[in-house]
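J.: Have a look at this prediction, sequence included:
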Amino acid sequence: MLEQHDLHARAYGALMEPALEPKLAGVEALLADWASGAVNLLLESACPVHSVPDAGRPARPELIPHTEVPRRSPATPEGFAALLHAIAHIEFNAINLALDCVYRFRGLPRDFYAGWLQVAGEEAYHFGLVRARLRSTGHDYGDFPAHRGLWDMALKTEDDPLVRMALVPRVLEARGLDATPPIVARLKQIGDAETIAVLDIILRDEVGHVALGDRWFRHFCRERGWPEEETYLALMTDYEAPWPPKPLNVEARLKAGFTPDEIRRLEGGRPCRQPA
């Protein structure tokens, strides 16, 4: 079938697959077929672009407002499992976010699609690593409630790849760079070297994912003649994107493409809106 050779159609199929194992297998097959040339970037894709209010996901976990997600201490067995579940949920959503970039945004350079396909594969790998740690506690993905904040931002940015690059990789995923060191510090207190090793892998790869978003955000800004840092801060305000809490992981953010001036401005806190 022609759609089996159509990159956008294959990405959409993997994106909308709800079951865990078929989704992970679909990502792996898509990457292999892209590498072999069995999947192509067609000039005229037969796959139309739709809004995706809900990407493919299993019936569980239950999705609730982020303000209602219970906070538990990772020093307790239940709290530790809930922490792993929260990380697994982020990684699962990141698979869908990367697939959506490949499916949704058309007519871009081949490197754009190659980069986000690689991200989808790495996020699937991360999900598997964290899920294995979660299952070692006697729990599995779906056992705790979660929120849909990542996908809500995907919906808000579905019409413009510049806005998507600014507000998903450079805001939401960059927050993961900041969050990892404190989590690692807590895990050191309970002596969990295995999970720390998993988080080290994720942090290493996530720097590259944020850097990919940074690269394409700046590319799209240059194409339009827009000032990069001013555009970024304006989009954060216009779309009510969450401001990063301190402390920022300055080393990781610099590696991912943030400038020292951007980091200083982010550390300064959200600027107040000027009255109309």
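T.: Great, that's in hand.

J.: make it CA atoms for all contacts and neighbour counts henceforth
T.: Noted.

J.: how about low-confidence regions in this structure?
T.: Judged by pLDDT under 70, the chain has its weakly predicted residues at 1-2, 272-276.

J.: Please enumerate the strands of it.
T.: Counting by DSSP state E, one finds no strands in the chain.

J.: ok, longest helix in it?
T.: helix 193-224 (DSSP state H).

J.: which residue ranges form the helices in the stretch 151-276 of the chain?
T.: 161-167, 174-189, 193-224, 228-238, 250-255, 260-267 (DSSP state H, counting those that start in this stretch).

J.: elements contacting the first one?
T.: In other words, helix 161-167. Applying 3 or more Cα pairs under 8 Å, 6 or more residues apart in numbering; DSSP states H and E, one finds that helix 161-167 contacts helix 193-224, helix 228-238.

J.: what do you get if the cut-off is 6 Å, keeping everything else the same?
T.: Helix 161-167 sits against helix 193-224, with contacts defined as 3 or more Cα pairs under 6 Å, 6 or more residues apart in numbering; DSSP states H and E.

J.: From the chain's centroid, how far away is the helix it packs on?
T.: 9 Å (Cα atoms, centre = their mean, to the nearest Å).

J.: what angle separates that helix from helix 228-238?
T.: Orientation check (axes from the mean of the first three to the mean of the last three Cα atoms, to 10 degrees): helix 193-224 against helix 228-238 gives 110 degrees.

J.: on that earlier part again, got CSV for the helices of the stretch 151-276 of the chain, with mean neighbour count too?
T.: As requested, the helices of the stretch 151-276 of the chain are exported to CSV (neighbours: other Cα atoms under 10 Å):
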stretch, mean neighbour count
helix 161-167, 23
helix 174-189, 17
helix 193-224, 18
helix 228-238, 16
helix 250-255, 16
helix 260-267, 14
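
J.: With distance to Ala82 added, can I get these in TSV?
T.: Listed next are those as TSV, based on distance: least, Cα to Cα, whole Å:
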stretch	distance to Ala82
helix 161-167	26
helix 174-189	13
helix 193-224	13
helix 228-238	29
helix 250-255	26
helix 260-267	29
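
J.: out of the ones you listed, nearest to Pro244?
T.: Ranking the helices of the stretch 151-276 of the chain by their distance to Pro244 (criterion: Cα to Cα) puts helix 174-189 first, at 6.1 Å.

J.: Just want the angle from the closest one to helix 193-224.
T.: 170 degrees.

J.: so how far is Asp100 from the closest residue to Gly107 other than its chain neighbours?
T.: Residue nearest to Gly107 in three dimensions, not counting chain neighbours: Leu43, with 7.8 Å by Cα to Cα, 6 or more residues apart in numbering. Noted for Leu43: a distance of 18 Å to Asp100, by Cα to Cα, to the nearest Å.

J.: Of the two, which one has the most company?
T.: Each of Leu43 and Asp100 has its neighbours counted (other Cα atoms under 10 Å); Asp100 has more, 24 against 9.

J.: Excluding sequence neighbours, find me the nearest residue to the residue nearest to the spatial centre of the chain.
T.: Taking Cα atoms, centre = their mean, the centroid of the chain lies closest to Ala94, which sits 3.5 Å from it. Closest residue in space to Ala94, ignoring its immediate chain neighbours: Glu123 at 6.2 Å, by Cα to Cα, 6+ apart.

J.: Help me confirm that that neighbour comes into contact with Leu97.
T.: No: using Cα atoms under 6 Å, Glu123 is not in contact with Leu97, being 9.8 Å away.

J.: of these two, who's got more company?
T.: When neighbours are counted by other Cα under 10 Å, Glu123 and Leu97 differ, and Glu123 comes out ahead with 28 against 25.

J.: Which one, of the helices of the stretch 151-276 of the chain, ends up nearest to Gly37?
T.: Closest to Gly37 of the helices of the stretch 151-276 of the chain, according to Cα to Cα: helix 193-224, at 22.7 Å.

J.: Which neighbouring elements make contact with that closest one?
T.: helix 161-167.

J.: what does the helix it packs on contact?
T.: When contacts are defined by Cα atoms under 6 Å, 6 or more residues apart in numbering, helix 161-167 is touched by residues 157, 213, 217, 220.
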